[in-house]
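> Predicted model and sequence below, questions to follow.
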Amino acid sequence: MRDPKPGLAWSRGRARRRQQYDEYMRSPAWYRRRERWLQEYRTANGGKDPVCAVCAGPWTLRAGQLHHRSYERLGAEAWADLLPICCGGEHAALDALMEKNPAWRMLPREQATDAIVAYLRRKAAADRRTRQ
């Protein structure tokens, strides 16, 4: 389980929710939900495979991650609650930006996630242009 920021402590309720989340993320139910999400994605997108929301690279069930845009339905996530991210580095960058700035945490999680993903897309595109 991730630790709270240095110098801060989590409330008992927050610690309990983090523990439940961590247990769910390691559970067979989460892996089944990932498989079902992939099928839902393909159905909604004419059979196409998903791509990373940040870099548009290929997303695979084996190596890809799903970012929770919302925790409201944790354990019974709607298809749109989950966002494909191709690697842990991009997922960590998204989470770090959300945690770093309190303004992001004041927005609904879905809105903050979408804005941060848009920022990371622009940054990735600028990095690609710089390398060319």
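Structure received.
> Quick check, central residue of the chain?
Of all residues in the chain, the one closest to the mean position by CA atoms, centre = their mean is residue 67, 1.4 Å from it.
> List the contacts of that residue.
53, 82-85, 91, 94-95, 113 (CB atoms under 8 Å, 6 or more residues apart in numbering). In short, each C-beta sits where N, CA and C put it, glycine included.
> Ok, residue 112 next?
98, 104-105.
> Which strand or helix spans it?
Assigned by DSSP states H and E, residue 112 belongs to helix 109-131.
> Alpha carbons of stretch 103-115, as CSV, please.
The C-alpha trace of stretch 103-115 is given here as CSV (Å, rounded to 0.1, in the frame of the first residue of the first chain):
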residue,chain,number,x,y,z
ALA,A,103,-5.9,22.3,-7.3
TRP,A,104,-6.3,19.0,-9.2
ARG,A,105,-7.7,17.3,-6.1
MET,A,106,-10.3,20.1,-5.8
LEU,A,107,-11.8,19.1,-9.2
PRO,A,108,-13.9,16.0,-9.7
ARG,A,109,-11.4,13.1,-10.4
GLU,A,110,-12.8,12.5,-13.9
GLN,A,111,-12.2,16.2,-14.8
ALA,A,112,-8.7,16.3,-13.3
THR,A,113,-7.8,13.1,-15.0
ASP,A,114,-8.9,14.3,-18.4
ALA,A,115,-7.1,17.6,-18.1
